[in-house]
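Peer 1: Show me how the following folds:
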Amino acid sequence: MSSIRVAIVGIGNCASSLIQGIHYYKNKTADEAVGIMHYELAGYRPNDVEVVCAFDIDKRKVGLDVNQAVFAEPNCTTVFQPDLPQSGVTVEMGVVLDGYSEHMSNYEDSVTFLLSSAAEPSKEKVVQLLKDSATEVLMNYLPVGSEEATRFYADCCLQAGVAFVNNIPVFIASDPVWAKKFEDKGLPIIGDDIKAQLGATITHRTLTDLFKKRGVKLERTYQLNTGGNTDFLNMLNQNRLASKKKSKTEAVQSVAEERLDEKNIHVGPSDYVAWQKDNKVCFIRMEGKLFGDVPMNIELRLSVEDSPNSAGVAIDTIRCAKLALDRGVAGVVHEPSSYFCKHPPCQIPDDEAFVQVESYIRGVKV
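Peer 2: Next comes the predicted model:
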């Protein structure tokens, strides 16, 4: 199979895990490839993914080879593939817009952004870089709350003829206006807001669906999350959290037997704990009624390395986007969006979404 030429916006922890993973699985057989949903996806393997263009705004990353930049501060995720070859791809200065929250400057340099003094590119330059690199799929890893910046890069994709994978909770795929723009251009889009491989949202959704299927009335629930990476630091700004809370809450509400009153459900990031670094700790509590109105509750603690957890899904979204390009699919690619994202245009239970995405990969309509 041909390579899949990818651009990445935001060379943070998630990009680091993704790029490390591309090289980690390169020389592994299917039997050796532990921790991956699809070693081969319709003929494409992880090492078929090639990063050909990259953007960031941190002066410690701009100008570096992308395979060197993934290890620069403030990145703090687990290094499981330390020896990366030079890629020959230089990290370009990106646009700032709302991709940077001013409160980040109140923290020490090792845990926050240091804005580059390099000139921000025009839209025309970004489009030309995507064209010159023959990018096929752009991965959006901007910080939560980057509404304007996300729309900027989405528009660049439309102008450059590039598929868009929206990994953050800015609503592009789930916005009918934007979805129509991609459809009209004959380009696929997958989104919004990537689910982790086995994270808080997928676990909470699975338990909520279990309550429904086993006839247990769910009355109250919360999901509290803490972490120490720049994602959690960025989300201390409550003004940037609206779409994130909506995305995570709707992911749970959509599989409940009855929608819970807002006062009975709380789902969202809770606090920044610096020493946790890229470790994310999630606490879930669910209260309900069994047979005879007898009360019950579940409490669960989940601890995961946040960015590899995301990359385990990202490696599949890239290949699904490439399949859409190969097959001439335009607009929202619903099957991978519903299975891989928290806020897709069509919310369906994960077991049904799994069947649909497997059929999509095989090229069979369900």
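
Peer 1: My read is that residue 350 contacts residue 339, right?
Peer 2: Yes. Residue 350 is in contact with residue 339 according to C-beta atoms under 8 Å; the separation is 6.9 Å. All C-beta atoms are positioned from the backbone trio N, CA, C, and that covers glycine.

Peer 1: So which of the two has more stuff around it?
Peer 2: A direct count of neighbours by other C-beta atoms under 10 Å for residue 350 and residue 339 places residue 339 higher, at 26 against 18.

Peer 1: Am I right that that one is in contact with residue 356?
Peer 2: Yes. Checked against C-beta under 8 Å, the pair residue 339 and residue 356 is within contact range at 7.0 Å.

Peer 1: Any stretches of the protein with poor pLDDT?
Peer 2: By pLDDT under 70, the weakly predicted segments of the chain are 1.

Peer 1: Does anything pack onto the helix or strand containing residue 210? Which helices or strands?
Peer 2: Residue 210 belongs to helix 200-213 when assigned by DSSP states H and E. On a contact count with 3 or more C-beta pairs under 8 Å, 6 or more residues apart in numbering; DSSP states H and E, helix 200-213 meets strand 217-227, helix 242-253, strand 279-289, strand 295-305, helix 350-362.

Peer 1: right, so of those, which gets closest to residue 234?
Peer 2: helix 242-253 (10.0 Å; C-beta to C-beta).

Peer 1: mind listing what's buried in the next helix or strand after that closest one?
Peer 2: Using DSSP H and E, the helix or strand that follows helix 242-253 in sequence is strand 265-272. Using 16 or more other C-beta atoms under 10 Å as the test for burial, strand 265-272 gives 265-270, 272.

Peer 1: looking just at contacts, which helices and strands does strand 265-272 meet?
Peer 2: Against strand 265-272 (3+ C-beta pairs under 8 Å, 6+ apart) you get strand 217-227, helix 230-234, helix 242-253.

Peer 1: buried ones in the helix holding residue 210?
Peer 2: Under 16+ other C-beta under 10 Å, the buried positions of helix 200-213 are 200-205, 207-209, 211-212.

Peer 1: Could you do stretch 359-366 as well?
Peer 2: So stretch 359-366, judged by 16+ other C-beta under 10 Å, has buried residues 360-361.

Peer 1: now for that stretch, what's the gap between its first and last residues?
Peer 2: 6 Å (C-alpha to C-alpha, to the nearest Å).

Peer 1: where does that stretch sit relative to the chain's centre, distance-wise?
Peer 2: With C-alpha atoms, centre = their mean, to the nearest Å as the basis, stretch 359-366 stands 23 Å off its chain's centre.

Peer 1: First-to-last residue distance for stretch 28-38?
Peer 2: Stretch 28-38: ends 13 Å apart by C-alpha to C-alpha.

Peer 1: Name the residues that touch that stretch?
Peer 2: 25, 39-40, 46, 197, 312-313, 315-316, 319, 361 (C-beta atoms under 8 Å, 6 or more residues apart in numbering).

Peer 1: Tell me which of those residues fall in helices.
Peer 2: Of the contacts of stretch 28-38, the ones assigned to helices by DSSP state H are 312-313, 315-316, 319, 361.

Peer 1: from the residues you listed, which is closest to residue 140?
Peer 2: residue 313 (14.0 Å).

Peer 1: surely the closest one meets residue 197?
Peer 2: Yes. Applying C-beta under 8 Å, one finds residue 313 in contact with residue 197, separated by 5.4 Å.

Peer 1: Tell me the one among the contacts of stretch 28-38 nearest to residue 282.
Peer 2: Distances from residue 282 to the contacts of stretch 28-38, taken by C-beta to C-beta, are shortest for residue 197, at 13.7 Å.

Peer 1: Not counting sequence-adjacent ones, nearest residue to that closest one?
Peer 2: On the basis of C-beta to C-beta, 6 or more residues apart in numbering, the spatially nearest residue to residue 197 that is not a chain neighbour turns out to be residue 312, at 3.4 Å.

Peer 1: quick one, what contacts the one you found?
Peer 2: So residue 312 contacts 21, 35-37, 196-197 (C-beta under 8 Å, 6+ apart).

Peer 1: if you set the cut-off to 10 Å instead, what comes out?
Peer 2: 17-18, 21, 35-37, 196-199 (C-beta atoms under 10 Å, 6 or more residues apart in numbering).

Peer 1: quick one: which of these is nearest to residue 164?
Peer 2: residue 18 (16.0 Å).

Peer 1: Which strands and helices lie in contact with the helix or strand containing the closest one?
Peer 2: Assessed by DSSP H and E, residue 18 sits inside helix 13-24. Counting contacts by 3 or more C-beta pairs under 10 Å, 6 or more residues apart in numbering; DSSP states H and E, helix 13-24 packs against strand 4-9, strand 49-56, helix 66-69, strand 137-140, helix 230-234, helix 306-327.
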